[in-house]
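In: could you look at this predicted model? Sequence included:
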Amino acid sequence: MDFCEIARRWEPECRDALETVQIGGGAMLPSELLMFLALCFENRIELVVESGRKNGFSTEMLCSVGDWRVESVETHVIAEADARLASRYDERLTLRHGNGKLLVPTLIDTKKRTAVLLDGPKSTGANLLYPKIRDSIVFCGIHDVPLLGSEGGGDSRRASIANGVLYFTDDEKYLAAFGHYDRVWMDGSGYKSHGDFIKARCVLGIFPGGLWDVDR
Ligand SMILES: C[S@@+](CC[C@H](N)C(=O)[O-])C[C@H]1O[C@@H](n2cnc3c(N)ncnc32)[C@H](O)[C@@H]1O
């Protein structure tokens, strides 16, 4: 499966949102969200369950394209962000207050093609949650999988590999094609190149669910 090709196929559907949705502090990278959204389109996803929304950049991206329903979980709700999301996306979004480790498995609808996006818990914590939900979903994206060997990151990368990760968004070919969407994130960050920026940050890992069609 050529992940870059999938992102290229669905980029036109996502471009407006990638260029216009405002990024809040602590948000995922636009290049990560492009991959997640492209896989949602490609896999005819009907429901996305997100855990870790904070200021809601990822939530807003999930609600700005496609026609899947979105369930979003957060332990430390930011009232202002939630009010903004509720006023814009009430018809397709349900905002939940709680612990994703407990709530995410209960929000997966086995009658709907479901994708899960974990950005809290993340890294190792998310890698422990993933096996509990794997069988009933199409795929799962886990944010904050640091580079193998990077400070504190090796364990998470190794756990992802043990869990059968299919793809990491720090793939060189992918960043060469779509890294420009992260420029807005890089501005003011002090990094000279996108490569340095990505190495210092974390990436999205894509994991197969039981309903992932491996032969496509
Ligand atoms: C990096 S922020 C999320 C950013 C957001 N996904 C975006 O891209 O705009 C991580 C969030 O996860 C939340 N979080 C951490 N552990 C959690 C858990 N077990 N369940 C739900 N939320 C959690 C934190 O409170 C924090 O707001």
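Out: Arrived safely.
In: and the contacts of the longest helix belonging to the chain?
Out: Identified as the longest helix of the chain according to DSSP state H is helix 3-20. The contact list for helix 3-20, computed with CB atoms under 8 Å, 6 or more residues apart in numbering, reads 30, 33-35, 37-39, 41-42, 60-61, 64-66, 166-167, 171, 173-174, 177-178, 181, 206. Where C-beta positions appear, they are placed from N, C-alpha and C, glycine not excepted.
In: what about Asp135, how many residues nearby?
Out: Asp135 has 11 neighbouring residues, counting by other CB atoms under 10 Å.
In: roughly how far apart are Gly25 and Leu128?
Out: 26 Å (CB to CB, to the nearest Å).
In: so what's the residue count around the closest residue to the ligand within the chain?
Out: Residue nearest to the ligand within the chain: Gly120 (2.0 Å; CB to the nearest ligand atom). The number of residues packed near Gly120 is 21, by other CB under 10 Å.
In: next, Phe207: phi, psi?
Out: Dihedral angles of Phe207 (phi, psi; degrees, to the nearest 10) stand at phi -120, psi 140.
In: drop anything exposed from the contacts of helix 3-20.
Out: For the contacts of helix 3-20, a neighbour count by 16 or more other CB atoms under 10 Å gives the buried set as 30, 33-35, 37-39, 41-42, 60-61, 64-66, 167, 174, 177-178, 181, 206.
In: OK, contacts around the residue of the chain closest to the ligand?
Out: Applying CB under 8 Å, 6+ apart, one finds that Gly120 lies in contact with Ser51, Gly52, Lys54, Glu74, Thr75, Gly100.
In: for Glu80, same thing?
Out: By CB under 8 Å, 6+ apart, the contact set of Glu80 is empty.
In: sec struct for it, please.
Out: At Glu80 the chain is in helix, as set by DSSP: H, G, I helix; E, B strand; the rest coil.
In: go through the contacts of helix 3-20 and flag which are in helices.
Out: The helices, defined by DSSP H, take in 30, 33-35, 37-39, 41-42, 60-61, 64, 173-174, 177-178 from those.
In: of all those, which comes closest to Val145?
Out: Nearest to Val145 among these: Met35, at 12.6 Å, using CB to CB.
In: hmm, the closest one is touching Gly205, no?
Out: No - Met35 is beyond contact range of Gly205, at 10.2 Å (criterion: CB atoms under 8 Å).
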